[in-house]
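Chemist: what's the 3D shape of this:
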Amino acid sequence: MPGFISERLFDLFDLDKDTYLSRAEFVRGTSRLFNSSFVENLKLVFAMFDFDSDGLVTKEDIRCLLSYVPMSEILGDMNLTMRKEGQYTKNGGGL
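Modeler: Prediction:
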């Protein structure tokens, strides 16, 4: 997921879409990220999830977001819930 975050932030910072950040774009972007209000940060997060920039977070945007989540992490979490009762402690216990 970190790769996704950095790519999306770069895209949002690169206002002229020339695939480079000018000094002004970098300063404006980092200032927006670190010095803005909670509401402005929410707008930035929303923009990160709005892949097609249509002002809506659609099912397709969520599908795209989830495509960046490694399946091994999801399957690892599922395996935790499938363990038998008593497996976690010496005396039984567990789930």
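Chemist: what's around residue 63, how many residues?
Modeler: Counted with other CB atoms under 10 Å, residues neighbouring residue 63 total 10. The way it works is simple: take the backbone N, C-alpha and C, and place the C-beta from them, glycine included.
Chemist: relative to residue 57, how far out is it?
Modeler: Per CB to CB, to the nearest Å, residue 63 is found 11 Å from residue 57.
Chemist: for the chain, which spans come out with low pLDDT?
Modeler: For the chain, the stretches flagged by pLDDT under 70 are 1-2, 70-95.
Chemist: go again using 90 as the cut-off
Modeler: For the chain, applying pLDDT under 90 flags the ranges 1-9, 32-33, 44-45, 48-54, 57-95.
Chemist: just the helices in this protein please.
Modeler: 2-13, 23-35, 38-49, 59-66, 71-81 (DSSP state H).
Chemist: tilt between the first one and helix 38-49?
Modeler: Read that as helix 2-13. 110 degrees (axes from the mean of the first three to the mean of the last three CA atoms, to 10 degrees).
Chemist: what does helix 2-13 contact?
Modeler: 21, 25-26, 28-30, 33, 44, 47-48, 65, 68 (CB atoms under 8 Å, 6 or more residues apart in numbering).
Chemist: quick one: buried residues of it?
Modeler: The neighbour-count check on helix 2-13 (16 or more other CB atoms under 10 Å) flags 8-9, 12-13 as buried.
Chemist: nearest to residue 53 among those?
Modeler: residue 12 (9.7 Å; CB to CB).
Chemist: against residue 64, how distant is the closest one?
Modeler: Counting by CB to CB - residue 12 and residue 64 are separated by 15 Å.
Chemist: then residue 41?
Modeler: 21 Å.
Chemist: residue 35 too?
Modeler: As for residue 35, its distance to residue 64 is 29 Å (criterion: CB to CB).
Chemist: between the two, which has more neighbouring residues?
Modeler: Between residue 35 and residue 64, counted using other CB under 10 Å, the more crowded position is residue 64 (14 against 9).
Chemist: got the end-to-end distance for stretch 49-63?
Modeler: Taking CA to CA, to the nearest Å, the first and last residues of stretch 49-63 lie 10 Å apart.
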